[in-house]
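[1] Quick one: sequence and predicted model below, then my questions.
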Amino acid sequence: MVESIKKVVDVVVIGAGAAGLMCAITAGYRGRKVLVLDHANKPGKKILMSGGGRCNFTHLHSTPANYLSANPPFCISALKRYTPHHFTEWVERHGIEYFEKTPGQLFCSESSKAILNMLLTECEWAGADISLKCNIETIQGIPSPQSPFSGFMICTSIGTIQCESLVIATGGLSIPTMGSSPFGYKVAEQFGLNVLPTRAGLAPFTLQPDDLARLATLSGVSCPVEVKLNGHAFKEPMLFTHRGLSGPAMLQISSFWQPGQNLHIDLLPDTDVLAELKAWRQQSPNKRIETYLTTKLPKRLAQTFVEWHQWDHTFQQCSNQRLNEITETLKDWTIKPNGTEGYRTAEVTLGGVDTHSLSSKTMAVKDIPNLFFIGEVVDVTGHLGGHNFQWAWASGFAAGNNV
Ligand code: FDA
């Protein structure tokens with residue numbers, strides 16, 4: 001016997017994060033009756049913790065090239081139709097002050113709360129309801145002669161809900177303490193979609209025990225570097241931590257790294273190190289290598305490299321070969337990480353719902369036109385710098401216009 005229906009709405013969005021809220025607002029303004037369900041006790045927890053509490057809410061120069069996916073062209077359509085300027089205009093209309101940090105990266109001047117409050121206010125204005133602390137027990141498609149399903153029946157801890165369109169916006173696996181779950185992947189599998197293997201992205205590296213012992217005293221030291229791996233390069237700051245290597249450069253390259261691979265780090269990008277070393281040898285033969293290094297690198301880092309590589313010489317003691325060795329070590333410091341810190345601290349999850357099964361225009365499942373997947377649960381992952389929120393906004397907007 002069918003359980004008695006408690007609530008009937010046009011659209012159920014599961015996940016009150018960035019993508020889910022954007023979808024709910026867009027659909028609500030179209031006159032659709034929307035209910036957002038989330039198992040957490042608060043909406044938008046990742047928005048609150050993002051950007052160090054200041055939410056890097058978009059990147060002005062976001063392009064499809066800033067995204068990783070097994071199907072790279074998939075993100076083009078949604079990103080074209082909802083641009084960083086659309087979101088920024090909205091932020092301005094709500095009187096939220098923001099600033100541009102590194103070129104293109106927009107952050108709230110005060111707190112991430114402003115972005116979440118804006119989304120919640122818009123949800124209210126659009127008439128979209130949000131139910132928190134709601135556990136989803138089962139989802140069933142309601143069979144229909146015309147298309148696979150005329151709607152969905154969702155059994156939850158707050159009762160049974162029937163909807164015409166269902167949007168899965170449950171995000172990825174990163175930061176389990178923030179309410180992340182594999183729910184979205186399971187729903188995709190339930191409806192016959194392929195889910196690509198997931199792994200942690202934008203995650204700090206841990207180091208092999210020997211390297212960690214050598215570099216542990218550098219915890220807290222940061223310097224600009226250029227890191228390279230398999231044809232990808234990022235010129236951004238690197239931070240030594242008590243577990244290994246972090247900072248924007250390392251987070252960015254971690255999304256491309258596979259276990260066992262070496263990172264190639266230029267500790268002095270934009271510097272012709274060999275030319276400078278030769279000039280110092282000519283002009284200041286009695287000065288020590290360490291003196292040169294401390295003009296170029298944080299002091300503790302310079303000292304550690306001098307001890308580690310036994311560069312405790314004056315310039316006049318250095319042969320050309322020695323200067324070449326020093327140059328090579330600084331310009332191509334090669335290090336094999338032990339691993340990454342994984343989902344515990346990763347900002348995003350790579351992989352997820354295979355986009356080949358989805359419409360790039362609407363985010364609907366091609367064979368089930370009223371089932372949608374948006375945001376991080378989908379196999380589209382941005383670089384660091386506001387691109388992931390831009391994907392959440394753009395994919396949420398695309399679905400919101402079609403639910
Ligand atoms: P999101 O994870 O935001 O939301 C998913 C929602 O689904 C959550 O509310 C969750 O509770 C709910 N949910 C999960 N399972 C459920 C279930 N079984 N039942 C019901 N509800 C369920 N990006 C960026 O562009 N700029 C930045 O500054 C940062 N900073 C940042 C910092 C940190 C520490 C992290 C971890 C991540 C970032 N990111 C970021 C990434 C960004 O936060 C992320 O890409 C988006 O939040 C993804 O939005 P979604 O809506 O897809 O998922």
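    Sure thing, it's come through.
[2] Near residue 89, how many other residues are there?
    Counted by other CB atoms under 10 Å, the residues lying close to residue 89 total 10. For glycine as for every other residue, the C-beta is placed from the backbone atoms N, C-alpha and C.
[3] next one: the strand or helix carrying it to chain centre, how far?
    Taking DSSP states H and E as the criterion, residue 89 maps to helix 84-93. Relative to its parent chain, helix 84-93 has a centroid offset of 20 Å by CA atoms, centre = their mean, to the nearest Å.
[4] Beyond it, next helix or strand please.
    Going down the chain from helix 84-93, the next helix or strand is strand 98-100, by DSSP H and E.
[5] For the stretch 1-150 of the chain, which residues are neighbours of the ligand?
    Residues of the stretch 1-150 of the chain lying close to the ligand (CB under 6 Å from any ligand atom) are 14-20, 37-40, 45-46, 49-51, 55-56, 136.
[6] Buried subset of those, written for PyMOL?
    Burial among those is assessed by 16 or more other CB atoms under 10 Å; the matching PyMOL selection reads:
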select buried, resi 14+15+16+17+18+19+20+37+38+39+40+45+46+50+51+55+56+136
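[7] Can you tell me which of the residues of the stretch 1-150 of the chain next to the ligand end up in helices?
    18, 19, 20, 45, 46, 49 (DSSP state H).
[8] Contacts only, for the nearest residue to the last one once chain neighbours are set aside.
    Spelled out, it's residue 49. Leaving aside its sequence neighbours, residue 49 sits nearest to residue 178 (CB to CB, 6 or more residues apart in numbering; 6.9 Å). By CB atoms under 8 Å, 6 or more residues apart in numbering, residue 178 lies in contact with 40, 45, 46, 49.
[9] let's go with 10 Å and repeat that
    17, 40, 42, 45, 46, 48, 49, 171 (CB atoms under 10 Å, 6 or more residues apart in numbering).
[10] which one of the residues you listed sits closest to residue 64?
    residue 171 (21.0 Å; CB to CB).
[11] Look up how far residue 175 lies from the nearest residue to that closest one once chain neighbours are set aside.
    Leaving out its chain neighbours, the residue that sits closest to residue 171 by CB to CB, 6+ apart is residue 376, at 4.5 Å. Look at residue 376 and residue 175: by CB to CB, to the nearest Å, they are 11 Å apart.
[12] Double-check that residue 372 belongs to a strand.
    Yes - assessed by DSSP: H, G, I helix; E, B strand; the rest coil, residue 372 belongs to a strand.
[13] related to what we said a few turns ago, could you dump the ones in helices among the residues of the stretch 1-150 of the chain next to the ligand to JSON lines with pLDDT?
    Below are those laid out as JSON lines (pLDDT from 0 to 100):
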{"residue": "18", "pLDDT": "98"}
{"residue": "19", "pLDDT": "98"}
{"residue": "20", "pLDDT": "98"}
{"residue": "45", "pLDDT": "96"}
{"residue": "46", "pLDDT": "96"}
{"residue": "49", "pLDDT": "96"}
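[14] Could you let me know which of those residues ends up closest to residue 206?
    Distances from residue 206 to those, taken by CB to CB, are shortest for residue 49, at 21.6 Å.
[15] Quick one: residues contacting the closest one.
    Shown in contact with residue 49 (CB under 10 Å, 6+ apart): 55, 112, 175, 178, 347.
[16] Smallest gap between the stretch 51-200 of the chain and the ligand, at which residue?
    Ranking the residues of the stretch 51-200 of the chain by distance to the ligand (CB to the nearest ligand atom) places residue 171 first, at 2.6 Å.
[17] Now do the contacts for residue 10.
    By CB under 10 Å, 6+ apart, the neighbours of residue 10 are 27-28, 30-35, 151, 163-165, 403.
[18] Phi, psi for it please.
    Per-residue torsions, residue 10: phi -80, psi -40 (degrees, to the nearest 10).
[19] how close does it sit to residue 127?
    When residue 10 is compared with residue 127 (using CB to CB), they lie 11 Å apart.
[20] still on that earlier bit, the residue of the stretch 51-200 of the chain closest to the ligand and residue 397: what is the separation?
    Distance from residue 171 to residue 397, by CB to CB: 17 Å.
[21] Looking at the two, which one has more neighbours?
    Neighbours were counted for residue 171 and for residue 397 using other CB under 10 Å; residue 171 has more, 28 against 23.
[22] what number of residues lie near residue 109?
    Neighbourhood size, residue 109 [other CB under 10 Å]: 10.
[23] between the ones in helices among the residues of the stretch 1-150 of the chain next to the ligand, which is closest to residue 131?
    For those, the nearest to residue 131 is residue 20 (12.0 Å; CB to CB).
[24] Just want the residue of the stretch 251-400 of the chain that's nearest the ligand.
    Closest point on the stretch 251-400 of the chain to the ligand, by CB to the nearest ligand atom, is residue 375, at 2.3 Å.
[25] With adjacent residues omitted, what lies nearest to that residue?
    residue 19 (2.8 Å).
[26] doesn't residue 25 make contact with the one you found?
    No - using CB atoms under 10 Å, residue 19 is not in contact with residue 25, being 11.1 Å away.
[27] which residues are in contact with both of these two?
    By CB under 10 Å, 6+ apart, the residues touching both residue 19 and residue 25 are 396, 397, 400.
[28] Enumerate every residue touching the last one.
    Shown in contact with residue 400 (CB under 10 Å, 6+ apart): 11, 13, 19-30, 32, 34, 82, 126, 128, 167, 362-363, 372, 374.
[29] check contacts around residue 95.
    Per CB under 10 Å, 6+ apart, neighbours of residue 95: 114, 118.
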